[in-house]
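# Give me coordinates for this.
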Amino acid sequence: MGRVVVVRQNAEPPSDQEWEQFLEVLREGRADFERLRVLVLTEGGGPNAAQRESLARTLAGKTVRVAIVTDSIAVRFTVTVIALFHKDIRSFLTSELRKAHAHLGLQLEEVIAVERELAALAALLRPSRSR
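Residues are numbered from 1 along each chain as shown. This is a model prediction of the structure:
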């Protein structure tokens with residue numbers, strides 16, 4: 001969605017194929033990272049260690065403004081640890097979605113588009129094996 005990447009994740013880690021698709025989006029926006037923003041709404045799933053390593057290689061020291069929206073304590077803890085090294089990442093509870101929009105600096109039309117995209121992605125979300 002322009003300079004906003006929207007990710008919707010269930011409680012499972014993304015597959016390697018899904019993660020590679022996400023990294024490809026980042027690679028395409030690499031020249032303009034300072035303007036790129038990422039919103040992730042997750043039920044608790046997140047990248048595994050190998051996927052986090054591939055993300056670090058893709059970012060190659062650059063930072064991207066990221067908002068992780070989740071009620072998962074484990075994910076929020078992980079984001080807090082990452083934030084020690086990546087100053088533009090923050091986590092928010094699902095009830096704080098508007099704060100996540102503000103962190104990303106979204107304009108009203110972007111908020112509307114993001115919420116529409118999240119709804120569409122939720123309809124496509126594969127069920128978690130843990131359900």
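
# What residues are bridge-paired with the residue sitting nearest the centre point of the chain?
With distances taken as CA atoms, centre = their mean, the residue of the chain nearest its centroid is Val40 (2.9 Å). Beta-bridge partners for Val40, by DSSP bridges, are Val7, Ile68.

# Which residues are in contact with it?
Counting by CB atoms under 8 Å, 6 or more residues apart in numbering, Val40 makes contact with 7-9, 66-70. C-beta: built from backbone N, CA, C; applies to glycine.

# Now tabulate those in JSON lines and tack on pLDDT.
JSON lines is the format used below for the contacts of Val40 (pLDDT from 0 to 100):
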{"residue": "Val7", "pLDDT": "89"}
{"residue": "Arg8", "pLDDT": "89"}
{"residue": "Gln9", "pLDDT": "89"}
{"residue": "Val66", "pLDDT": "94"}
{"residue": "Ala67", "pLDDT": "96"}
{"residue": "Ile68", "pLDDT": "96"}
{"residue": "Val69", "pLDDT": "96"}
{"residue": "Thr70", "pLDDT": "96"}
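
# between the residues you listed, which is nearest His86?
Val66 (7.6 Å; CB to CB).

# The closest one - that's part of a strand, no?
Yes. According to DSSP: H, G, I helix; E, B strand; the rest coil, Val66 belongs to a strand.

# quick revisit: return the members of the contacts of Val40 classed as buried.
7-9, 66-70 (16 or more other CB atoms under 10 Å).

# thinking again about what came up before, report the separation between the residue nearest to the centre of the chain and Leu55.
Applying CB to CB, to the nearest Å, the value for Val40 to Leu55 is 12 Å.

# go on, Leu108?
Leu108 is 30 Å from Leu55, by CB to CB.

# Then Pro47?
Taking CB to CB, one finds Pro47 at 6 Å from Leu55.

# tell me the contacts of the residue lying closest to Val75 once chain neighbours are set aside?
Distance criterion CB to CB, 6 or more residues apart in numbering; nearest residue to Val75, sequence neighbours excluded, is Gly46 at 5.3 Å. By CB under 8 Å, 6+ apart, the contact list for Gly46 reads 9, 13-14, 75, 78.
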